[in-house]
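>>> the following block contains a protein sequence and its predicted model.
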Amino acid sequence: MSNQQALYAFVSYLKVEKGLSPLTALAYEGDLLQLAEFLELKSRSLLCATRPDLLAFLEQLTANRVESRSRARKLSAIRHFYKFLLLDKRIKSDPTLNIESPRQWKVLPKSLAVSDIDEMLAREQAKPQHPALALRNRALLELLYATGMRVSEIVNLRLEDLDLAGSKAIVRGKGDKERLVPFGVSAQKRLQAYLRDARPQLCRARRSPLVFVDRNGTGLTRERVWRIVRESKLDRKASPHMLRHSCATHMVGNGADLRTVQTILGHADISTTQVYTHVALDRLKEVYKRHHPRGRKLGGGGQRESA
């Protein structure tokens, strides 16, 4: 089996059996192609790679100053690939065993303050633009912040997925997995106004199943959503992913448990959601200082605990 045949079989497996999106499968394939090129210089193929070969590949990435997060992602792709080959009985042993993932600095997600969100929504409403587009953009921003949807999820949101009366939506996430996500009164009202007063003007004679459409009645692109979010902030330092992180950060900061946030964001693993525990810890410290007798700073006349 050649490298090309092995990669084709693996990518087909990812799409059909694992249900990964084409973009994710393409990223895996790209990482493995890079490994295949490295091995070819050593006159080796993917199927006969050994643990020392893989370690040498990772060492080269380090020498080329590839970030630890990128190295970890590539190693993850390599692990999935050799696990597939092992299950398919193409190899007899897994060369990735006992290879440690690169250590990564924990990067806390960037989020916006509640005042920033309010400013963005007010700015979008005040911008000189077509009234129908203003209603659409306001509804889009409200829903992104209310639900923490990914860009790919909101551009593919369909009319039949919305339950305005129940203030909830069916969201199709990674691997085409569905989840039910609630949203608040503010997003509900903005969506009602957009669907009633703006969307018919944008669609005209066209019939689209998608909730958010452009001025020609066709679905929004991911790039267009990014531009709407970026242009709604004065310094343009905003992105749809920041609204997603803001949704989670503000929920945890107001007492939501991580399991609830995990469900809303569509994280497959709770460890992904645990990055927001720093917010819960900050809140815990404030509650402790406010309510514990020894948590507050003692004043000049305060009593001290005796030995």
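Right, received. Where do you want to start? Numbering: from 1, shown residues only.
>>> mind exporting stretch 255-264 as CSV, just the C-alpha atoms?
Taking Å, rounded to 0.1, in the frame of the first residue of the first chain, the C-alpha atoms of stretch 255-264 are listed here in CSV:
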residue,chain,number,x,y,z
GLY,A,255,-22.5,30.9,38.3
ALA,A,256,-23.2,28.4,35.4
ASP,A,257,-21.7,25.0,35.9
LEU,A,258,-19.2,23.7,33.4
ARG,A,259,-21.4,20.8,32.2
THR,A,260,-24.1,23.3,31.2
VAL,A,261,-21.5,25.4,29.3
GLN,A,262,-20.1,22.2,27.7
THR,A,263,-23.6,21.3,26.4
ILE,A,264,-24.3,24.8,25.0
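>>> check which residues of that stretch are buried.
Neighbour counts over stretch 255-264 (16 or more other CB atoms under 10 Å) mark 256, 258, 261-262, 264 as buried. C-betas here are computed from N, CA, C, even on glycine.
>>> mean confidence for whatever helix or strand Leu7 lives in?
Taking DSSP states H and E as the criterion, Leu7 maps to helix 3-16. Helix 3-16 shows a mean pLDDT of 87.
>>> quick one: list the elements packing against the helix or strand that that helix is followed by.
Once helix 3-16 ends, the next helix or strand along the chain (criterion: DSSP H and E) is helix 22-40. With contacts defined as 3 or more CB pairs under 8 Å, 6 or more residues apart in numbering; DSSP states H and E, the packing partners of helix 22-40 are helix 3-16, helix 51-63, helix 68-87.
>>> which of the helices or strands spans the nearest residue to Arg215 once chain neighbours are set aside?
Nearest residue to Arg215 in three dimensions, chain neighbours excluded: Leu202, at 5.7 Å (CB to CB, 6 or more residues apart in numbering). Per DSSP H and E: Leu202 is located in helix 199-203.
>>> what packs against that helix?
helix 131-147.
>>> tell me the buried residues in the helix or strand just after the helix it packs on?
As assigned by DSSP H and E, the chain's next helix or strand after helix 131-147 is helix 151-155. Across helix 151-155, burial judged by 16+ other CB under 10 Å covers 151, 153-155.
>>> please consider this matter closed, and thank you.
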